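>>> Quick one, structure for this:
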Amino acid sequence: MKKYISTTLLMLLFTSATLFVAPSVTVQAQSLVTIHQADRAEGGVVDGENVRKLLGNVILSTEEMTLEADSVYQFVGRNRLQGFNVQIETEKELIWADTLFHNTRTEFSQLRGRVIVLSEASTVFSDAIDVDMPADLAILNDPLRFEDERGTLLAESGLYYQAIDSAAFRGNVQLADTTQYLEADSLFMNRASDLYEMFGRVFAEEYEDKVTFPGDYLLADSTGYRLLKGNDAWLMEVSESEADTTHLLAREIELIESDTLSTMDAYTNVRIWSTRFAAIADTAHYRDDTDLFMLRSNPVLWQKNIQLSGPVIEAHMENEDIRFLSSYTRPIAVQEDTLTGRLHQMTGDTLNAWFSDGVVDRIKVFKNSEIIFHVKDEDDEPDGLIELIAAGASTMYFEEGEFDFFKAEENPDGSWLPEDPANIDRKLSNFRWEPELKPNRPPILTPRLPEIPDEPFFDYPPRYLRWLENQNGERVEVQ
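I've put the predicted structure just below:
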């Protein structure tokens, strides 16, 4: 979006002058104005004020600009010029409007009705643009449209500060180019530093990366840094195969992208949902070079019918599936048996889990391992449970994702408890099973504003149409 606004946007170099009704002569006032052409000149009264009029095919010029108009009025008593059906050419812009009001003392210009400003880099359309030349300020009080070779910006109003090359837009701001679409209640941008801030009902979509960013606030700069905030700041990423979608919600999401590395950090009330797994945490970190998700501060991760909780969880991804999980310190894994509903449990000082094709293959805990394994009989009915403790590591093996058997490696000690209602709910000391906390798939969010139309919102003014005809219907760059 950094190309949306020309560095010379709306600098109407309309110099101060006092016009005398003498066609084809040069007059000296506050600056030199040449009257090249007018069909006739006359005096008159408009709304009780004395007015000098140049009428019919008027052409004026100064060192900085050339003005063509159907007529130009000079209000003698108040330093005011008024032009009708105007075309203004400066060094870097062509400007058209139905009416121009210009104060020759304050250098304040008002363009009204079908205003078009064409620069080398962009075109702006609006029904009302004010320009305060001493302050290098352009004021756009009516809906506006910017176009350049890449895309379009729409807003209900805006300000542009030439001296600091900054702009602020308000009201249903929309930006679209070949790579992205953005909308918000307001936008601040500084082109010199490539800094962009969007406020209120933000929705951003990047087409190439298939990433969407809804939130309340979005900051982006030239370094590849982006900050998204909101009660439910939301990141949605569609996988390269388009077979999977990952949703991440948090109060704050930071993204840093470079040519070699992309990272993501999310803070406060983090929720992750994908078709392969779901998780909650207070903090999440991801880096694409290692394809690693790290969850911190009371995280919980669900993968099919397994829940893993611990102070830190690291999920190593491969082809959009979990390949390897690690958790510490003193995590616990709980799996709900799909036939009996009983809860298998496993804990230790550190836990590692290996997956194959998105299905758990084995879980190993290191040091001070504890296991509760619910047994089934030949009819797959509950048949008691086994409790095991070991000083060293223990491993649980799975068959097609279901707990199959276990092995303890050092000083195991265990017992079998027969099927009994008193034994059904036996739990390890750090037991945790909270499927109600598992995030659900968020509803897919879409832009709230209608699609940006292909054409401006008014018919082109006559002199602009004439200029287009002279260009054989093709836009040309202003030199």
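
>>> how about low-confidence regions in the stretch 201-350 of the chain?
239-243 (pLDDT under 70).

>>> Which residue ranges of it form strands?
Using DSSP state E, counting those that start in this stretch, the strands of the stretch 201-350 of the chain run over 211-220, 225-238, 245-257, 262-273, 278-287, 292-296, 300-303, 306-309, 312-318, 321-328, 332-336, 343-347, 350-356.

>>> Can I get those strands in TSV including mean neighbour count and distance to residue 387?
C-beta coordinates here come from the backbone N, C-alpha and C atoms, glycine included. Shown next, in TSV, are the strands of the stretch 201-350 of the chain (neighbours: other CB atoms under 10 Å; distance: least, CB to CB, whole Å):
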stretch	mean neighbour count	distance to residue 387
strand 211-220	21	47
strand 225-238	18	42
strand 245-257	20	38
strand 262-273	19	33
strand 278-287	20	29
strand 292-296	21	29
strand 300-303	23	24
strand 306-309	24	20
strand 312-318	19	25
strand 321-328	19	22
strand 332-336	23	14
strand 343-347	24	10
strand 350-356	20	18
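
>>> Let me know which of those strands is the nearest to residue 465.
When the strands of the stretch 201-350 of the chain are compared by CB to CB, strand 211-220 sits nearest residue 465, at 37.9 Å.

>>> quick one: strands adjacent to the closest one?
Strand pairing for strand 211-220, using DSSP bridges, gives strand 195-206 (antiparallel), strand 225-238 (antiparallel).

>>> Can you name the residues in contact with the first one?
Among residues not part of strand 195-206, those counted as contacts by CB atoms under 8 Å, 6 or more residues apart in numbering are 1-2, 173, 179-190, 211-222, 228, 230, 445, 447-448.

>>> With stretch 384-395 instead?
342, 346, 348, 362-375, 406-420, 423, 426.

>>> Just the buried ones among the residues you listed, please.
342, 346, 348, 362-365, 368-375, 406, 408, 412, 414, 417 (16 or more other CB atoms under 10 Å).

>>> if we can go back for a sec, reformat the strands of the stretch 201-350 of the chain as CSV; add distance to residue 127.
CSV is the format used below for these (distance: least, CB to CB, whole Å):
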stretch, distance to residue 127
strand 211-220, 29
strand 225-238, 33
strand 245-257, 38
strand 262-273, 43
strand 278-287, 47
strand 292-296, 50
strand 300-303, 55
strand 306-309, 59
strand 312-318, 52
strand 321-328, 55
strand 332-336, 64
strand 343-347, 67
strand 350-356, 60
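
>>> which one of those strands lies closest to residue 64?
Nearest of these (CB to CB): strand 211-220, 35.6 Å.

>>> Which strand or helix spans the closest residue in space to residue 342 that isn't next to it in sequence?
Leaving out its chain neighbours, the residue that sits closest to residue 342 by CB to CB, 6 or more residues apart in numbering is residue 374, at 3.7 Å. In the assignment (DSSP states H and E), residue 374 maps to strand 369-376.

>>> which ones are touching residue 110?
100-102, 128-131.

>>> Repeat the analysis, applying 10 Å as the threshold.
Neighbouring residues of residue 110 by CB atoms under 10 Å, 6 or more residues apart in numbering: 82, 97, 99-103, 128-131, 139, 141.

>>> Who wins on neighbours among those residues?
residue 97 (29 neighbours; other CB atoms under 10 Å).

>>> roughly how far apart are residue 35 and residue 59?
Residue 35 is 8 Å from residue 59, where distance means CB to CB, to the nearest Å.

>>> Have a look at these two and say which one is more surrounded.
With neighbours defined as other CB under 10 Å, residue 35 and residue 59 compare such that residue 35 has more, 22 against 18.

>>> tell me the phi and psi of that one?
Torsion angles at residue 35 (phi, psi; degrees, to the nearest 10) stand at phi -100, psi 100.

>>> and if you look at residue 466?
phi -70, psi -40.

>>> Tally up the residues packed near it, please.
By other CB under 10 Å, the burial measure for residue 466, its neighbour count, is 14.

>>> Confirm for me that it is in contact with residue 70.
No. Shown here, residue 466 and residue 70 do not form a contact pair, counting by CB atoms under 10 Å, at 12.0 Å.

>>> Across the sheet, point out what pairs with the residue nearest to residue 277 when sequence neighbours are not counted.
Spatial nearest neighbour of residue 277, excluding adjacent residues (CB to CB, 6+ apart): residue 303 at 4.6 Å. Beta bridges link residue 303 to residue 306, judged by DSSP bridges.

>>> Go ahead and confirm residue 303 touches residue 293.
No. Counting by CB under 10 Å, residue 303 stays clear of residue 293, with 12.0 Å between them.

>>> Residues that sit against both of the two, list them.
With CB under 10 Å, 6+ apart as the test, residue 303 and residue 293 both reach 277, 279, 315, 322, 325.

>>> what bridges to the third one?
The residues paired with residue 315 through beta bridges, assigned by DSSP bridges, are residue 293, residue 325.

>>> ok, now which ones touch it?
Contacts of residue 315 (CB under 10 Å, 6+ apart): 272, 276-277, 279, 284, 286, 291-295, 299, 301, 303, 308, 322-327, 353, 355.

>>> coming back round to it: go through the strands of the stretch 201-350 of the chain and name the closest to residue 456.
strand 211-220 (26.8 Å).

>>> what ranges of the stretch 351-479 of the chain fall below the confidence cut-off?
For the stretch 351-479 of the chain, the ranges with pLDDT under 70 are 472-479.

>>> Show me the strands in it, by range?
So, for the stretch 351-479 of the chain - with DSSP E, counting those that start in this stretch - the strands run 359-366, 369-376, 382-390, 394-399, 402-408, 413-417.

>>> swap in the stretch 1-150 of the chain?
26-28, 32-37, 40-46, 49-61, 65-75, 80-90, 93-103, 108-119, 122-132, 137-140, 144-148.

>>> Need the ones you listed in CSV (columns: mean pLDDT).
Formatted as CSV, the strands of the stretch 1-150 of the chain follow (pLDDT from 0 to 100):
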stretch, mean pLDDT
strand 26-28, 36
strand 32-37, 82
strand 40-46, 88
strand 49-61, 91
strand 65-75, 91
strand 80-90, 92
strand 93-103, 93
strand 108-119, 93
strand 122-132, 92
strand 137-140, 92
strand 144-148, 91
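
>>> Make JSON lines from these and add distance to residue 432 to it.
JSON lines is the format used below for the strands of the stretch 1-150 of the chain (distance: least, CB to CB, whole Å):
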{"stretch": "strand 26-28", "distance to residue 432": "88"}
{"stretch": "strand 32-37", "distance to residue 432": "82"}
{"stretch": "strand 40-46", "distance to residue 432": "82"}
{"stretch": "strand 49-61", "distance to residue 432": "81"}
{"stretch": "strand 65-75", "distance to residue 432": "74"}
{"stretch": "strand 80-90", "distance to residue 432": "70"}
{"stretch": "strand 93-103", "distance to residue 432": "66"}
{"stretch": "strand 108-119", "distance to residue 432": "62"}
{"stretch": "strand 122-132", "distance to residue 432": "57"}
{"stretch": "strand 137-140", "distance to residue 432": "57"}
{"stretch": "strand 144-148", "distance to residue 432": "54"}
